[in-house]
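Enquirer: would you be able to build a 3D model of this:
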Amino acid sequence: MKINVISFVTGMVSAVAVGALFTPLQAGAETAQTTPPKIPVRAFFKTPEQSSLRISPDGKFLSYMKPWGEKSAAAVETTRKNIFIQAIDAVGKPVGEAKRITSETARDIAGYSWKGSKQILFVKDFGGDENFHIVSAGIDGSGAKDLTPFDGVRAEMIDDLLDDADHILVSHNQRDKKVFDVYKINLKTGASNLVAKNPGNITSWVTDHAGKVRGAATSDGVNTSLL
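Expert: Predicted structure coming up:
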């Protein structure tokens, strides 16, 4: 077989030239498509516009926390996380305007939960001493009530008692500042009854599906045990 050397060489040169012309452009296009955008560091630390979104048990309301604030006499604007309630329709679309049910300006609401579909329970820090209280309020913001109104006492939710509309279980250290007992609180009257007394080594409590205290964790400072 005879090979036309001039044609062969010319074809090779043309192929190399075309490759040299298009390969960098194609590589650049692919790089531009695959390189992710840079995310500013502040985006990881900024307060989100909405957080802790939850739907009421009856599916008619959406709740969330959102920064809200007002200007002081010195024209300094501060925002704190407050609770908002938004009515929604059967497919989850907003109905009307969202309603703010808390007006905290000193500190963020530390957390909240639904109690039925007509009441909200939230955790509030009074005075910045980290002695959190459990507070209840209607979904329109009315009837706010401090359920653990004790000075120097820190409370936390143990069980919201899903099947009991009138009570919740909380733990707090009113009896002894060093340990946390469990109390059953009546949401209507605020009455509190001792359910489980801490012997001194309990660090957390466990309830069953009926809301009864069935277990507890203990610690000797190194090892944790389950009772």
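
Enquirer: can we go C-alpha only for contacts and neighbour counts from here?
Expert: Noted.

Enquirer: ok, Arg107 - contacts?
Expert: Contacts here follow CA atoms under 8 Å, 6 or more residues apart in numbering; on that basis Arg107 touches 80-81, 125, 128.

Enquirer: and the pLDDT at the one residue sitting closest to the centre of the chain?
Expert: By CA atoms, centre = their mean, the mean C-alpha position of the chain lies nearest to Ser52, the distance being 3.9 Å. According to the prediction, Ser52 has pLDDT 94.

Enquirer: quick revisit: filter the contacts of Arg107 to the buried ones?
Expert: Among the contacts of Arg107, those scoring as buried are 80-81, 125 (criterion: 16 or more other CA atoms under 10 Å).

Enquirer: okay if I get the residues you listed as CSV plus pLDDT?
Expert: CSV is the format used below for the buried ones among the contacts of Arg107 (pLDDT from 0 to 100):
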residue, pLDDT
Arg80, 91
Lys81, 93
Asp125, 87
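
Enquirer: how about low-confidence regions in the chain?
Expert: For the chain, applying pLDDT under 70 flags the ranges 1-33, 70-77.

Enquirer: 90 instead, please
Expert: 1-36, 42-49, 69-79, 92, 104-107, 125-130, 219-222 (pLDDT under 90).

Enquirer: quick one: the helices in it?
Expert: Taking DSSP state H, the helices of the chain run over residues 5-34.
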